[in-house]
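K.L.:
this one's structure only:
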DNA sequence: CGAATCTTTGAATCCTCTCAAGTCTTGTGG
DNA sequence: CCACAAGACTTGAGAGGATTCAAAGATTCG
């Protein structure tokens, strides 16, 4: 079985300093082309978007907690956020990883106000836009095809969940970790970065359902084979061809 | 690794006789209260809903194929449908199980017409409503809050996917199968039925990522302990208290 | 710098898979 | 309707992989 949360983590008594980064400037936003506001005329609706603020959440801080009333949607501008479900026995499983331009907490948008389904925890220092529910109800009235973009986000979330099933929960320990690394490498490539934002072993464990020790061993073997190389705290340089050939290998 | 599809299955050359069951009668529909049309005034929009037909798909037939253009949405009225992803190496993984009142193929509704993400295969003879895309585009115009209900369906699908991750892909072989049985038992209970609609071992395997033999062994042990008992083809009588106590046990 | 946390590594055990053979079911055609 | 073939399920034995426990090395943070 997986690892349990400590008391501290469960209560989240620790104080994180979440920095306010100012009003969001949707007009100049670099990631907007891929997010839920992609097709919105932001100039036309600037008074509605007015109430969106931008924050910086440090590593390990919580965007929201499973079971709390869903009140805000967060759009990730940078960093990595995990959605984790805590079982009755206290063990934790990550159900998806969300990356820049993903929206977190879209349960908020269901008509009968729901509770958040998971904990949303920041893995790598994240800059996010916090969007109150009111923005959505106003936009819904002002821009009737707005929900097309929200539906796309639901679709992306399903993709992310399916990825956890198909890629990170199927096959040998070796294969699962390899696929995760390729996934992270892909994400860093599209960001134009040649290094992986490495997850902690604890998180890889909650994502793949593999014991921490086994993960450490697999990573060690990848390093031995020069597929990975530590290049800083939480950063790894990767050998793209080597890694991808690993995951292609299981063809046939 | 998982089992591969046979050539026959990949090509779906076999002919299934899909029976036309007539026009859908949304007015009298017994499952509507839980599906995407829950809050729709069907009398008011009956001319739009006119083009919905009802079909009976036999076991093992395909609603649609992964990669084909998404053209119709199907609402399940009875039976069980699996969504399975076929990897490049031909192995199959079920990413979710869909039950009565779920909609299948909602990728159809994304504005840039998408391809179906998975194969949708009928596991237990299913009666479905086939809803062409046009119905949705008309409803969108006619009933502005219609997308609230569609969003709920996306949410249900995410729940189903998360369930596969948390319950069916985490923990020991024994636990995963036990949770699946409880899930099926719950579903049969809400249908007012005291027997499980049992999946084939192949499908349990694709759902849990467990080898067929191990599943057989676990089921055998449940039968020995009088938690299960065959009560017909593809049907099992279950011991609710026994099964649920199994999945609760891993508390603490 | 030292404490706490996270990661690595080893060795033994346990679990799950694989292979293989047998039994049971289902469906088809004579 | 029976017989046979194909497919699905069961069971055993053995091998291999993954987990566990334990202890030592690294890192991080105050």
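P.N.:
Now that the structure is in, tell me what you want to look at. This one's a predicted model, so the numbers in the text were calculated from it and none came from an experiment.
K.L.:
ok, and the closest non-adjacent residue to residue A:41?
P.N.:
Of all residues not flanking residue A:41 in the chain, residue A:143 sits nearest, at 7.7 Å (Cβ to Cβ, 6 or more residues apart in numbering or on different chains). (Each C-beta comes from the backbone N, C-alpha and C, glycine too.)
K.L.:
residues in contact with the one you found?
P.N.:
A:40, A:41, A:45 (Cβ atoms under 8 Å, 6 or more residues apart in numbering or on different chains).
K.L.:
just send the residues you listed back as TSV, with distance to DNA strand C, neighbour count and pLDDT too.
P.N.:
Below are the contacts of residue A:143 laid out as TSV (distance: Cβ to the nearest atom of the strand, whole Å; neighbours: other Cβ atoms under 10 Å in any protein chain shown; pLDDT from 0 to 100):
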residue	distance to DNA strand C	neighbour count	pLDDT
A:40	39	20	90
A:41	44	10	90
A:45	42	18	92
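K.L.:
now, among the residues you listed, which is nearest to DNA strand D?
P.N.:
residue A:40 (37.5 Å; Cβ to the nearest atom of the strand).
K.L.:
part of a strand, is the closest one?
P.N.:
No. The assignment for residue A:40, made by DSSP: H, G, I helix; E, B strand; the rest coil, is coil rather than a strand.
K.L.:
I figured residue A:106 hits residue A:152, correct?
P.N.:
No. If you go by Cβ atoms under 8 Å, residue A:106 and residue A:152 don't touch, sitting 10.9 Å apart.
K.L.:
which bits of the stretch 101-250 of chain A sit near chain B?
P.N.:
Contact residues (Cβ under 8 Å from any Cβ of the partner chain) of the stretch 101-250 of chain A with chain B: A:107, A:109-111, A:114, A:117-118, A:140, A:144-145, A:147-148, A:150-152, A:154-155, A:157-159, A:161-162, A:164-166, A:169-171, A:209, A:248, A:250.
K.L.:
and the residues you listed, which are buried?
P.N.:
Buried subset of those (neighbour count, 16 or more other Cβ atoms under 10 Å in any protein chain shown): A:107, A:109, A:114, A:117-118, A:140, A:147-148, A:150-152, A:154-155, A:157-158, A:161-162, A:164-166, A:169-171, A:209, A:250.
K.L.:
near DNA strand D, from those?
P.N.:
Filtering these for neighbours of DNA strand D using Cβ under 7 Å from any atom of the strand leaves residue A:209.
K.L.:
please list the residues of the stretch 51-200 of chain A that sit near DNA strand C.
P.N.:
If contact is defined as Cβ under 7 Å from any atom of the strand, the residues of the stretch 51-200 of chain A in contact with DNA strand C are residue A:200.
K.L.:
please enumerate the helices of the stretch 51-200 of chain A.
P.N.:
A:133-142, A:146-166, A:173-190 (DSSP state H, counting those that start in this stretch).
K.L.:
can you flag the weakest of the ones you listed by average pLDDT?
P.N.:
In terms of average pLDDT, helix A:133-142 trails the rest of these, at a mean of 90.
K.L.:
in chain A, which spans are strands?
P.N.:
A:19-23, A:53-57, A:62-64, A:72-86, A:92-98, A:103-104, A:119-132, A:195-197, A:228-232, A:235-238 (DSSP state E).
K.L.:
since we're on residue A:22, how many residues are nearby?
P.N.:
Neighbour count of residue A:22, defined by other Cβ atoms under 10 Å in any protein chain shown: 9.
K.L.:
also the one 10 residues further on?
P.N.:
The number of residues packed near residue A:32 is 21, by other Cβ under 10 Å.
K.L.:
tell me the contacts of it?
P.N.:
A:26, A:38, A:42.
K.L.:
Provide a list of residues in contact with the residue nearest to the last one when sequence neighbours are not counted.
P.N.:
Leaving aside its sequence neighbours, residue A:42 sits nearest to residue A:26 (Cβ to Cβ, 6+ apart; 4.1 Å). Residues in contact with residue A:26, defined by Cβ under 8 Å, 6+ apart, are A:32, A:37, A:40, A:42, A:46, A:49, A:52.
K.L.:
can we see that at 7 Å?
P.N.:
Listed by Cβ atoms under 7 Å, 6 or more residues apart in numbering or on different chains, the contact partners of residue A:26 are A:32, A:37, A:42, A:49.
K.L.:
now do the second one against DNA strand C, distance only.
P.N.:
Using Cβ to the nearest atom of the strand, to the nearest Å, one obtains 35 Å as the distance from residue A:37 to DNA strand C.
K.L.:
likewise for the first one?
P.N.:
For residue A:32, the distance to DNA strand C equals 33 Å [Cβ to the nearest atom of the strand].
K.L.:
who does the residue nearest to residue A:223 when sequence neighbours are not counted bridge with?
P.N.:
Among residues not flanking residue A:223 along the chain, residue A:229 sits closest, at 6.7 Å (Cβ to Cβ, 6+ apart). Taking DSSP bridges as the rule, residue A:229 bridges to residue A:237.
K.L.:
what's the weakest-modelled helix or strand in chain A?
P.N.:
helix A:7-11 (a mean of 51; mean pLDDT, DSSP states H and E).
K.L.:
what's the local residue count around the residue nearest to residue A:244 when sequence neighbours are not counted?
P.N.:
Of all residues not flanking residue A:244 in the chain, residue A:182 sits nearest, at 5.9 Å (Cβ to Cβ, 6+ apart). Residue A:182 has 19 neighbours, counted by other Cβ under 10 Å.
K.L.:
may I ask you to confirm that residue A:182 is in contact with residue A:245?
P.N.:
No. Counting by Cβ atoms under 7 Å, residue A:182 does not reach residue A:245; the two are 10.1 Å apart.
K.L.:
what residues go with each domain of chain A?
P.N.:
The record assigns chain A these domain ranges, following automatic domain parsing: A:7-145, A:173-249.
K.L.:
out of these, which gets nearest to residue B:213?
P.N.:
domain A:173-249 (20.1 Å; Cβ to Cβ).
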